[in-house]
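>>> only geometry, no sequence info:
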């Protein structure tokens with residue numbers, strides 16, 4: 001839905017939710033970094049939960065979808081990664097990161113994925 005059809009209050013809530021989702025993504029990136037440094041699968045699971053919360057707060061934000069797909073591929077969960085990337089491409093059919101990762105995931109040429117950094 002385009003923002004031109006939203007009232008001022010709805011637009012403000014929309015921006016607030018985006019901000020909250022972006023904070024969740026930042027927390028998630030920190031968890032991923034810690035999980036990689038400590039080689040701790042439990043922290044990686046917490047990162048996935050945090051990215052999932054970001055999606056529930058603001059479903060149109062692509063970062064959590066792509067990040068969960070990266071993590072899924074890291075743990076050899078190809079089908080999960082493909083499903084998540086397809087959802088990301090429903091939201092933005094021209095997203096190059098999602099397209100490239102989906103292509104790699106579909107051919108399953110990935111041995112190891114380096115997590116995205118910001």
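Structure received. Bear in mind the structure is a predicted one, so any value in this text is a computation, not a measurement.

>>> drop to CA atoms for contacts and neighbour counts, all remaining ones
OK.

>>> show me where pLDDT drops low in the protein?
The model of the chain has pLDDT under 70 over residues 1-13, 109-118.

>>> Let's see that with 90 instead.
Scanning the chain for pLDDT under 90 picks out 1-15, 74-76, 104-118.

>>> At the geometric centre of it, which residue do we find?
residue 64 (1.7 Å; C-alpha atoms, centre = their mean).

>>> any idea what sits nearest that residue, other than its immediate chain neighbours?
Of all residues not flanking residue 64 in the chain, residue 51 sits nearest, at 5.0 Å (C-alpha to C-alpha, 6 or more residues apart in numbering).

>>> so the one you found makes contact with residue 28?
Yes. The pair residue 51 / residue 28 is scored as a contact, 6.0 Å apart, by C-alpha atoms under 8 Å.

>>> Quick one: neighbours of the residue nearest to residue 64, just the number.
Neighbour count of residue 51, defined by other C-alpha atoms under 10 Å: 26.
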